[in-house]
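1. Sequence and predicted structure below; questions after.
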Amino acid sequence: MKSKDHKYIQAFGNHLRKLRKAKELSQEDLANDADIPINQIGRIERAEINTTLSTMRAISKALNIDIVELFNFAD
């Protein structure tokens, strides 16, 4: 059963995928740059997990963007 927040988690994952691709990074590249497990990027993008703030911070640093940009998506 999906949580009531699943649509936001899914929108976040879709937005992350767009940001990553705009930087021409593979999931593996982003994971390595963010120093997080390789499969975690895919799980976030597929909305399989609700990621933590510390992971979001690592991802934003790896993408060289302000963390606020990760939240700039339409639900």
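-> The structure has been received and is ready for your questions.
2. ok, and what's touching stretch 42-60?
-> The contact list for stretch 42-60, computed with C-beta atoms under 8 Å, 6 or more residues apart in numbering, reads 3, 5-6, 9-10, 12-14, 16-17, 20, 27, 30, 34-36, 40-41, 66-67, 69-70. Heads up, the C-betas are built off the backbone N, CA and C, glycines and all.
3. Quick check: buried residues in the lengthiest helix in the chain?
-> For the chain, the helix with the greatest residue count under DSSP state H is helix 6-22. Buried residues in helix 6-22, counted by 16 or more other C-beta atoms under 10 Å: Ile9, Gln10, Phe12, Gly13, His15, Leu16, Arg17, Leu19, Arg20.
4. Now do the helices in this protein.
-> 6-22, 27-34, 38-45, 53-63.
5. How far off centre is the second one?
-> This points to helix 27-34. 11 Å (C-alpha atoms, centre = their mean, to the nearest Å).
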